[in-house]
Every structure is written in C-alpha cells, then in structure tokens.
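Enquirer: The sequence and its predicted three-dimensional model are supplied below.
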Number of protein chains: 2
Amino acid sequence: MTRSVVSLMDKWLLQKAHRLIGNAPFQIVPGWGECSQTIGSSGKPSFVVADRKTLAGLLLNPELAFGDAYVAGKIKVDGDLLALLDSSLDWIRKTEAHSILSRLVSFWLARVQANTRDGSHRNISLHYDLPVDFYKLWLDSRMVYTCAYFPAPAATLEEAQLAKMDHVCRKLQLRSGETVVEAGCGWGALALHMAKHYGAHVKAFNISTEQIAFARRRSQEEGLDGQVEFIEDDYRNIHGRFDAFVSVGMLEHVGAENYEELGRVVHRTVGDSGRGLLHFIGRNQAHAFSPWMRMRIFPGAYAPALREALKVLEPWGFSVLDVENLRQHYARTLEHWLARFERAADQVSRMFGPEFVRAWRLYLTGSAASFRTGTLQLFQLVFAGRKCQRIPWTRAYLYAEPPAAKGRAKWVHAGS
Amino acid sequence: MTRSVVSLMDKWLLQKAHRLIGNAPFQIVPGWGECSQTIGSSGKPSFVVADRKTLAGLLLNPELAFGDAYVAGKIKVDGDLLALLDSSLDWIRKTEAHSILSRLVSFWLARVQANTRDGSHRNISLHYDLPVDFYKLWLDSRMVYTCAYFPAPAATLEEAQLAKMDHVCRKLQLRSGETVVEAGCGWGALALHMAKHYGAHVKAFNISTEQIAFARRRSQEEGLDGQVEFIEDDYRNIHGRFDAFVSVGMLEHVGAENYEELGRVVHRTVGDSGRGLLHFIGRNQAHAFSPWMRMRIFPGAYAPALREALKVLEPWGFSVLDVENLRQHYARTLEHWLARFERAADQVSRMFGPEFVRAWRLYLTGSAASFRTGTLQLFQLVFAGRKCQRIPWTRAYLYAEPPAAKGRAKWVHAGS
C-alpha cells in the first residue's frame, strides 16, 4: 500500500476509534510508528495497541479482541491491569452487548461447548487437567480452588480457605458418622476436611482425571481411605442415599439447561429429609460469561442469577434456608492468587510459555475486578428437604467460636 | 324425603367419603342422628361434621368447605386444632389441587381481588382496618403484626419483636441521620424504632386508614414527629430519594403481577447506591394461598417462591446480599399470638361474635401449622444497589452484642 492509503486508513480507523472509545473509562495509545494520536481523554488508565489490525479488532469485538491481543502481546498496559479492568468492565460489557459479532460468537460457543456428558468432560479437562504442579505454584497448601472466607480481612489465604471449609461444614451442621456426597470435588480438600474434622463419610465426584488422581493420593497419605471415596464420574451418575449434598464451585460448570437434572440428582440423593449447600459464582442479572473467558479459560461455564439457580431446588420443594453473598471474599481470594501467580510467573512461563502467563494473568485479574465491582457475585446457599428436621434456630452458632481445633490452626471472626 | 331415600343418600355419601378420605391423616365423625359410622382409621385426630350438607361440601371443595363449616360451627374438632392441621395440611393441599371447584374459585378470586390501586385499598382495609382495640388484645405492646425473631426459643414475644426490629435495622446497617422509606408500616412500630434507636429519618407508607391514624398518634406521643412521617398512600406513589428501602410483611399484599412495578419503586427510591430489606412470607414452590384464606382473611394475598420474589430485584441489577429463612420463628410468633387470642376469646366474641372468633382461630392456627410443617416460609432478604459501598465484610456483627440499649431491654442470642 502506498503511504497515502495507509495514512487514509489510519485516519478512518482513528476517527472510528475516537467515536466509539472517546468516552470510555480508558485511553488507547496507538503504538505504530506513524501514529502518535492518543484515543480517549488523558488521566485515565491507558494501554498501548501494537498495530492497526489490533485496534480494528477492538472496535469490532472489544472483549474478545482485547483478551486475545493482550495474550499475544499486542496490547501492553501502562501500570496496573487491575485498575484498568476495575474501571473498564462496565463499559466493556455494555459495548459488547451492542456488538453483533460478539453475539454471534456467544451463540456459537453455546453450541460447541454444550454441557452434554461428553461436552462437560471436554470442558472440565481443558481447565482442571492442567498439571497439579502449576496450580501448586499459586493456590494455598490445601489446594482449594474456590472462593475463600476471610473471618477478618487481614486473614491469610491459608486461614481463609480453612475458615471457608469450616463455614461450609458448620452451615451443613455436619455431625460425626453422617454421609455426604460432594459433586465436583477439585483436588479433594473439602471432602478430606469433612472426613478428618467432622467425622463425615464422603463420596466425592469429579470428571477431572488429574484432580481425582491427586485427591486419591492425598486420601491414602492422610489415612482417610476408609472414610472418603473419590469417584471419577459425572454428577449425573450420582446414586445412593446421603444425609447431605454439597457442591462448591461446580454449578458454574453445569449449565443452566441442566439445572433441573441437577435438582433431580440432589433430590434422589438427600430426599425430603436431607439438606445441602451450593456455593457458586452468580450474577445480579442473567448474563453469559464473556466470549474470551469461554473460549480461552472456562469452556461451557455459566454463572447464574440467583433466580436461575433456584431452578435446581424449587421443582423438588426444597426450602432455601440461607443465602450469603461472599463476593468481597472472592475479590480478596483472587488478589491473593494473583500475587502468588505473579511471584511464580517465570516458572509458569518456563512450563507453558509467556502467552499462557498473560492469559492467566488476564483471567485472574479480570475475575478480581469482576468481584470487586459487582459484575460477579458469590452465593453460598443452604437448603433443606421439606421434611428436614435439622434446621438451626438462628445463625448465631456460625459466629460463635469455631469447633474444637484438633491439632490445627484456629480462626476467629473480626470483632467477635 | 322418605326415610329409605335419606338412608340411600347417606350410604352413597359415606361410600364416597370413605373412598376420598379413607387414607387421610384425620378421621371424620358424622354427627347426625342416623349415622354412626366413622370415616377414616381410628387413632388419628378427628372432628365431628354436623350434617350431610357439610360432609358433601368437604368432598367437593375440602379446604374452603372445612373453613366455612368450622366458622359456622358445623365442624367441631375433638382436641387440638393445631395438631389436626399440622398433620392434615399436606393432604388438604394435595386434594385441593385435584378439586375442579377449588380451581374455579381460585381463578375467580384472582380476578375479583386483583391488586389494582383500588383493589389493594379494598383488600388491605378488610383486614387491617379492624379496630386497633381488637389487635391490642393479642399482639405485643408495640403492636408488631409480623414474624418476630426469638434470639433464644424461650424469649418472650415482647423481647422477640424488639429483637426482630433490631435484626432488621442491623441488617440494613442503619446509621444516625440516614433516610429510610418503609412500604407498608402497620401501626408504625418499626418506623418509630428506626427513628428512636438508630437516629433514622423515616417516611412510612400504608393504605390502611386505621393503622396510619394510630401510627401518627404514637409518633406525636413519643415526640418523633420531626423524624417520622406517616403517609396514607399506596407504595406505587412513593417518590423521593432515600438511603434504604424496607418492607416488612407487605410483599404478600403486592401480588406477583406487580413485582416489576415494586422493583421500579425500589430502584427510583434507593438507586444503584442504596440498599434495602424485604421481609415476607414465601413458599418452597409457587402456589396460591388457599381459597378460604383469600376469601375470609387476606383478600388478594400471595406468598411467592423465593425465585418469584427475585423478580422485584433482578431487573434493576440489585445484588442479593443475604437471605434468612425464619419460618420457625413465625411458627413460634403465631403460637404466642394464638395463646393470647384464646385468652381474649370472650372479649373478641363480644366485639364481633363467635363466628369471627372461630374464623380467626382457624386462621392463626392454620398459619402456625403452615410454618411448623414448612408449607410456608419466612424470608428476610437484604439487597444492595450495584454500586452500594455499604456491604458488611461478614455477618458476624449481627451476632455480636446488640447495639447499646438506651434505657431499653437488651437481648442476646442463645448460646452466644
């Protein structure tokens, strides 16, 4: 192309960018030689776009293009990525809603990533079957990959994951000898905790081969083999009868179209007299995850509005006993993960390359920003069968001293 | 009719009754001379039916006929009415679902009792405009006609209503000088409590003329005129901007068809930065109140499933922060009211006659049974605008010592 054509294209592109992005809560700095004109007003968080193609992509399909360009190193953020995302998420979401391309991508993703039994297996494997050595670099020592519970804001991540597991067990009023089924057990931390500290007998399901293998090794090492059984299978294949059903960070992978089926599984396992807890990422309003998150990080994932999630429980007449929104705790959890991840970035880069590092940095940072700004919520929901007799009188017992700590760290609520 | 025709009719009626009621969790004793055959198996709670017509009514439209016959004195319960209803509610509800007549009545009621502005006024007036002297006979001294909160099961009703109001104010994190709008304020107890003990400025709406008049007198007597304004108007006419929205025992009278409009009112009063609390009778599954309750006690009332109630909040992007199910507390509250009501039954009878006493006895007893058995739930739901900054870190503060009691009774949670 001749220089004048390029210059005309630049002019057109920049005009369009000014119109679309002029009022955005960020500033774009074109990074190619000929162009020195900044897009957007100064004083806002800014990033450098490497070339015309990347800028054009941002205009067509902002969210997906931003993610992919950031991962490819075509976008460089001046300063704090979290601050940029904190201030930009609302704008990106609104702009995305008007992007026809984004809607087409979303429609297509819903089809190719559908959570059929095979589909769920593929979706889960892509994320959770990454080597455990990678996750060990930035999770807590117990390997809990869900929102922690910080009794006080300054608690450590170790304390907060321990407190979260206790919070879950106490909300369930677990007693020694009771049976629990866990749907989606990660690397087994909660199942082992329920067995070890509450005397529960647990069957824990997961379709991630890597996670189940790791959980089984831990169970053997800790001598909890007789009390905990880790089963590599889909939640749809759960059978048998249990006192309680628990699922932490798994509803996000079920898909709204399968809530009724999940409800059927819950009801056939705990019946009208049992109880359970669902801990899941949700939203204020029904809305899909962004295309980038679904294409690059969590295929098939969906975070429901609370109203949608209740479709698991209402058809079976379960009573909702308690809902707690812990979104501030997930923001804090993600800040801890992100700090650890950054400290291990060189190691991660040696394992998977720099693009992987940038993709996961963007995912963790974007998630932190989403919980900080309220784009995402974290709901912990306790329910009981309509004939359940184990309903606490008040919730005061949750905030009294934690249960006797048998040779393990204790934690207390701030100000209590 | 000749004696043999009567006897044939009896035979037919009793056969039908045996078929329909044979397995019911109660026993019917026909009370007319010729007939001595008991319907249903012995050992179950029983009642005497005065005549053929009443028995026939029970077979056609069990719930409505039972209520009306009980009120008319055509049904006499041997022993404990609460025990009878405790064990019968499930059966009545299932049987009612199969009654075509009951469904027709329900369909008709939904039309004639619709909660239009005029309709709501009629509906509310019928129940809440009864003389305050009647309600004074059996409510607590502060005249709180909604579910109390018993910090310990043995708390008195006075303590429990006080604790409920504190629980609501603390869930809202009310601070001195903040503005609150209350939709449906009863006789004003909560509005006055928020002003007196939390320093709030309250505008409280109600369409019951009697209740508003009483609330205004109290406000003057307590010298809270400058802080609390009682407004006789429909929630749909609430305007202005407030820090918090609160509604206790009012959603039941809004009607599911108006949830979106209520949400609009909430959003225009607290916006994206405010917060609020909805306290309402709900259900595990969407289901109308029984025809008898709607015809004789609460015209136009509807207790939603939690999923339905969320239609108030979701369209406006409110975050659900906390849901607490207090159905056991409503059962206890109703037991207190019922005991007081029974002690005052003679006085009530002198005011309104014995049929009124029986109608309200049945309503209070049936409600107690509904909360005891889980047919009804009581949800307390805290929400916040998507930009609200006043979100507590944990709920531990709700269970720490209650706020400094300025010359008033203190209460503490059981075991804390």
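Expert: Alright, I've got the coordinates. Bear in mind the structure is a predicted one, so any value in this text is a computation, not a measurement.

Enquirer: would you list every one of the helices in the stretch 101-250 of chain A?
Expert: For the stretch 101-250 of chain A, helices defined by DSSP state H, counting those that start in this stretch occupy the ranges A:117-128, A:132-136, A:157-171, A:189-198, A:209-221.

Enquirer: need the least confident one among those helices, by mean pLDDT.
Expert: For the helices of the stretch 101-250 of chain A, mean pLDDT drops lowest on helix A:117-128, to a mean of 90.

Enquirer: quick one: buried residues of that helix?
Expert: Buried residues in helix A:117-128, counted by 16 or more other C-beta atoms under 10 Å in any protein chain shown: A:G119, A:S120, A:H121, A:N123, A:I124, A:L126, A:H127, A:Y128. Backbone N, C-alpha and C define where each C-beta goes, glycine included.

Enquirer: I'd say A:W360 and A:R340 touch.
Expert: No. Using C-beta atoms under 8 Å, A:W360 is not in contact with A:R340; the gap is 11.7 Å.

Enquirer: out of these two, which sits in the more crowded spot?
Expert: Neighbour count, other C-beta atoms under 10 Å in any protein chain shown: between A:W360 and A:R340, A:W360 has more, with 22 against 16.

Enquirer: Next up, the contacts around the more buried one.
Expert: For A:W360, the contact set (C-beta atoms under 8 Å, 6 or more residues apart in numbering or on different chains) comprises A:I297, A:F341, A:V348.

Enquirer: Next one: the nearest residue to A:N284 once chain neighbours are set aside from B:S42, what distance?
Expert: Nearest residue to A:N284, sequence neighbours excluded (C-beta to C-beta, 6 or more residues apart in numbering or on different chains): B:G317, at 4.7 Å. Per C-beta to C-beta, to the nearest Å, B:G317 is found 58 Å from B:S42.

Enquirer: Looking at the two, which one has more neighbours?
Expert: Remark: of B:G317 and B:S42, B:G317 carries more neighbours, 16 against 7, as counted by other C-beta under 10 Å.

Enquirer: contacting residues around A:M293?
Expert: Contact analysis of A:M293 by C-beta under 8 Å, 6+ apart lists A:G67, A:A301, A:Y363, A:G366.

Enquirer: What score does the second one have for pLDDT?
Expert: Read that as A:A301. pLDDT at A:A301 comes out at 94.

Enquirer: which SS class is it?
Expert: Judged by DSSP: H, G, I helix; E, B strand; the rest coil, the three-state class of A:A301 is coil.

Enquirer: Phi, psi for it please.
Expert: The phi/psi pair for A:A301 (degrees, to the nearest 10) reads phi -80, psi 150.

Enquirer: thought it was touching A:R294?
Expert: Yes. Using C-beta under 8 Å, A:A301 makes contact with A:R294 at a distance of 6.4 Å.

Enquirer: helix/strand/coil for the spatially most central residue of chain A?
Expert: Nearest to the mean C-alpha position of chain A, counting by C-alpha atoms, centre = their mean, stands A:I281 at 6.2 Å. Classification of A:I281 by three-state DSSP places it in strand.

Enquirer: how about the nearest residue to it, chain neighbours excluded?
Expert: A:A303 (4.3 Å).

Enquirer: okay, now the one you found: neighbour count?
Expert: A:A303: 25 neighbours (other C-beta under 10 Å).

Enquirer: can you list contacts of stretch A:33-44?
Expert: By C-beta under 8 Å, 6+ apart, the list of residues contacting stretch A:33-44 reads A:6-7, A:10, A:14, A:17-18, A:21-30, A:46, A:87.
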